[in-house]
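Chemist: Structure of the sequence below:
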Amino acid sequence: MDLDLDGLRVRTLVAGDADLVVEATRAERRPALWGPRPAGPYSQDDARAALRAWEAEQVSYGVLDGPRLVAALGLMPSGPGAAELAYWVRPERRREGLGRRAVRAVTAWAHAHAGLTRVWLEIDPDNAPSLRLAESAGYRYEERMPRHCRTWAADDPAQDVWHDCLIWTHEASGRRR
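Modeler: Here you go, the predicted structure:
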């Protein structure tokens with residue numbers, strides 16, 4: 001993928017983008033991005049490991065403003081015609097509508113070019129900005145999954161804290177549940 005997003009470039013992230021991920025997450029105060037284990041800020045080793053894992057398990061996209069990574073999105077296959085979409089915006093670029101624009105663009109691309117009929121989001125019920133983004137990007141609330149998501153406070157899942165997740169979905173035009 002290589003898209004123009006109102007002067008920003010959306011492209012596939014590759015293993016050689018570790019420096020971009022490290023620089024972009026430098027100001028992050030909490031675990032950022034996504035699996036296999038969220039980190040924040042990312043070290044070079046974290047970034048390289050994440051990019052390798054992302055290439056093997058999903059497709060990840062970077063939103064670049066010139067040479068700087070300002071947001072990242074990942075499409076993780078979850079069955080025939082479906083994928084979870086994860087997103088992150090660098091701290092100093094939040095509340096600019098960048099996440100909403102990027103989620104809309106990648107969702108439209110996923111329906112039109114990747115053949116996905118259903119794209120879904122997992123959102124912490126306490127993450128009000130992410131809930132607003134989902135709704136403004138055209139996603140619809142589907143269900144609450146009790147104790148479904150990890151906080152990653154511990155490496156061992158049995159020792160970790162689990163919280164509810166809200167599932168929001170976007171279906172290809174003409175398909176509604």
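Chemist: Quick one: list the elements packing against the longest helix seen in the chain.
Modeler: Longest helix in the chain, counting residues (DSSP state H): helix 98-113. Secondary-structure packing of helix 98-113 (3 or more CB pairs under 8 Å, 6 or more residues apart in numbering; DSSP states H and E): strand 2-5, strand 8-12, strand 59-65, strand 68-79, strand 82-89, strand 118-123, helix 128-136. (Each C-beta comes from the backbone N, C-alpha and C, glycine too.)
Chemist: Okay, angle between the third one and strand 82-89 too, please.
Modeler: Counting by axes from the mean of the first three to the mean of the last three CA atoms, to 10 degrees, strand 59-65 lies at 30 degrees to strand 82-89.
Chemist: Same question for the last one.
Modeler: An angle of 130 degrees separates the directions of helix 128-136 and strand 82-89 when computed by the same axes, to 10 degrees.
Chemist: Would you mind listing the buried residues in helix 128-136?
Modeler: Buried residues in helix 128-136, defined by neighbour count with 16 or more other CB atoms under 10 Å: Ser130, Leu131, Leu133, Ala134.
Chemist: least trustworthy position among those, going by pLDDT?
Modeler: Within the set of the buried residues of helix 128-136, pLDDT is lowest for Ser130 (92).
Chemist: nearest spatial neighbour of Arg104, skipping sequence neighbours?
Modeler: Ala137 (5.0 Å; CB to CB, 6 or more residues apart in numbering).
Chemist: List the residue ranges of this protein that fall below the pLDDT cut-off.
Modeler: The chain contains residues with pLDDT under 70 at 33-39, 174-177.
Chemist: tell me the SS of Gly138?
Modeler: Under DSSP: H, G, I helix; E, B strand; the rest coil, Gly138 falls in the coil class.
Chemist: What of the one 4 residues further on?
Modeler: Three states are possible here, and by three-state DSSP the one that applies to Glu142 is strand.
Chemist: Can you give me the neighbour number for it?
Modeler: 14 (other CB atoms under 10 Å).
Chemist: how far away is it from Ala56?
Modeler: Glu142 is 28 Å from Ala56, where distance means CB to CB, to the nearest Å.
Chemist: Kindly report the same for Gly7.
Modeler: From Gly7 over to Ala56 (counting by CB to CB), the distance is 32 Å.
Chemist: hang on, the earlier thing: so which of the buried residues of helix 128-136 is the closest to Glu96?
Modeler: Taking CB to CB as the measure, Glu96 lies nearest Leu133 of those, at 11.6 Å.
Chemist: what sits against Gly40?
Modeler: Thr25, Glu28, Arg29, Arg30, Pro31, Ala32, Leu33 (CB atoms under 8 Å, 6 or more residues apart in numbering).
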